[in-house]
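# Okay, predicted coordinates and the sequence, questions at the end:
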Amino acid sequence: MTRIDVPDGSPFGVGNLPYGVFSTPGTEPRVGVRLGDSVIDLAVALDDDVFARPTLNAFMAQGPRRWAETRERITELAQGDVPDAAVHESSQVRLHLPIEVADYVDFYASEHHASNLGRLFRPDSEPLMPNWKHLPVGYHGRAGTVVVSGTDIVRPSGQRKTPADAAPEFGPSRRLDIEAELGFVVGVGSPLGSPVACEEFAEHVFGAVLVNDWSARDIQAWEYVPLGPFLGKSFATSVSPWVVPLAALENARVPTPPQQPEPLPYLREKEPWGLDIEMTVTWNGQVVSRPPYREMYWSPAQMLAHMTINGASARTGDLFASGTVSGPEKEQRGAFIELTWGGREPLRVNGEERTFLEDGDEVAISATAPGADGSVVGFGEVRGRVLPAASGRRSE
Ligand SMILES: O=C(O)/C=C/C(=O)CC(=O)CC(=O)O
Ligand SMILES: [Ca+2]
Ligand SMILES: [Mg+2]
C-alpha cells in the first residue's frame, strides 16, 4: 500500500482530483485521477471496469450521482492508503485524449475579444453585432480534429486573400494564431426536443478542460463570410489532458459581469456559473498574456441552454468551448491577433519579434482556480508546437 504525499500548495490536491486517460509503456490507455505528482489507476484502485476504458465517456454517461459517489471514494483513498499497483508517477505516464469528442461547438463569449475581433475584421462596422448581447454566438466545429496537449500542429495551407489582392492564392497560412479558451464536457446528454435549462447545467456537464483553438487568420478572413469559421479553424483544436470536475470549481463560481439588456427568460440564470479562473499563455516559454475567465459575458450554463433551446440534443462527449478569453487590458488578450493588433504591433518574445506563429514555436496555456481553504485548483496545461506546412500536391 502507498500513502500519496501531496506537495504543499500542489494544484492537484484532494480538492481537485481531475480525471484523465493514461498509459504506461506496454499497457492500454485507461482512466486515472491526478493527485499531487501521482496518477491513480482507477480500474485497479476502485476495481471497476468502467475505468478500464480508453476514454471517460462510459463513466461520464453514468451521471452526477455516480460522479459524486466516485469523488467521495477517491477523496477517502487519497487520504489513506492506495494499492501499490494503482499508483504511477505522473512524469512516467503518457496522457491521451481523455474523451471521445461527440460534437464540438465553439462560442464567442468574451465581450472584449468579440469587440477586438470586430474592429480588426470589420473596421467599418460596429464592433459588436446587434445579436451579441442577446444570445451566446457560436458555431459548430470539427470534433474529429480535437487533439490532446503535446500533439504537434502542422501549419495549415489554404486560400489566402488580403483586401489588397485581386484574387486568392494558395499556400501555408502566414497568420497562424491561438485562442485561449475553456472547454466544457457534457457527461449526460439530453433527448431531441428537450432543451436543457440553465439550472440543469450541473446535471449534464461533467467538467472543464483548457482549449487552444488554433486559428489561421488569413484563411479565416477570406472564407468566413457569411457562414462563419470553417477551414481556418478546423485543422486542429488542442485540449488539456486533465478534466477538472465541476465539483472542484465550487469555490470559483462568480456571477457574470452585468448583462444589459436583460437576456430572454431561457438565458436568465438563478445560480451563478461565471468562473473566477486565471489563465496564463506562454509563447516559447515567455508569458505573453493572463486572460481572466471571470470577465466572460456569457456563462457556460447559458451556453448549454442556448445550444439546446431549439430542441437539439446533447450527447455524452460533447465539447463546447467558451470562445477566446480576453480581458479589458492589453496583456489579458487570449489571441495573438489581438495582442499584436492584427500584426501591426509585434511582441518581443525572448528577444525576437513575433506577430503570428512561426514554425517551431510552442504555445502553452495553463490555468488555476481558487479551491477550498486557500487551496489552488490547477488545470495543468494545453501545449502545442507548430510544424512546417505539409509538402504535397498544391495548386499554387
Ligand atoms: O469575429 C469574427 O469574425 C471571428 C471571431 C473568431 O475567430 C473567434 C472565434 O473562434 C470564437 C472565439 O474563440 O471567441
Ligand atoms: Ca475560438
Ligand atoms: Mg479549432
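That came through fine. Ligands and ions are numbered 1, 2, ... in the order given.
# longest helix of this protein?
Ranked by residue count and defined by DSSP state H, the top helix of the chain is helix 64-79.
# Pull the residues that contact that one.
For helix 64-79, contacts defined as Cβ atoms under 8 Å, 6 or more residues apart in numbering pick out 4, 6, 14, 17, 33, 35, 40, 42, 45-46, 59-60, 187-188, 202-203, 206, 245, 247. From N, CA and C alone the C-beta is placed, and that goes for glycine too.
# Cross-check those against ligand 3 and keep the overlap.
For ligand 3, no contacts are drawn from the contacts of helix 64-79 by Cβ under 5 Å from the ion.
# Let's see which of those residues end up in helices.
Within these, residues falling in helices by DSSP H are Leu42, Ala45, Phe59, Met60, Ala202, Glu203.
# where exactly do the strands run in the stretch 201-350 of the chain?
Applying DSSP state E, counting those that start in this stretch to the stretch 201-350 of the chain gives strands spanning 205-212, 215-216, 237-239, 244-245, 253-254, 274-275, 278-283, 286-289, 319-321, 347-349.
# how about the longest one, does it reach ligand 2?
What it means is strand 205-212. No - figure legend: strand 205-212 not in contact with ligand 2 (Cβ under 5 Å from the ion); closest approach 7.8 Å.
# Give me the angle between that strand and helix 64-79.
70 degrees (axes from the mean of the first three to the mean of the last three Cα atoms, to 10 degrees).
# helices or strands up against strand 205-212?
Judged by 3 or more Cβ pairs under 8 Å, 6 or more residues apart in numbering; DSSP states H and E, strand 205-212 is in contact with strand 180-186, strand 237-239, strand 244-245, helix 300-308, strand 319-321, strand 362-370, strand 376-387.
# Quick one: residues in contact with the fourth one.
When you say that, I think you mean helix 300-308. By Cβ under 8 Å, 6+ apart, the list of residues contacting helix 300-308 from outside reads 105, 107, 109, 135-136, 138, 182, 184, 186, 190, 194-199, 201, 204-205, 208, 256, 263, 266-267, 269, 271, 273, 275, 314, 320, 322.
# Name the SS class of Gly193, please.
Recorded secondary structure, Gly193: coil (DSSP: H, G, I helix; E, B strand; the rest coil).
# Could you turn the buried ones of the contacts of helix 64-79 into a ChimeraX selection?
Buried residues among the contacts of helix 64-79 (16 or more other Cβ atoms under 10 Å), as a ChimeraX selection:
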select :4,6,14,17,33,35,40,42,45,46,59,60,187,188,202,206,245,247
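# Val154 - how many residues pack around it?
15 (other Cβ atoms under 10 Å).
# Residues of this protein that sit close to ligand 3?
Residues of the chain lying near ligand 3 (Cβ under 5 Å from the ion): Asp213, Lys233, Thr237.
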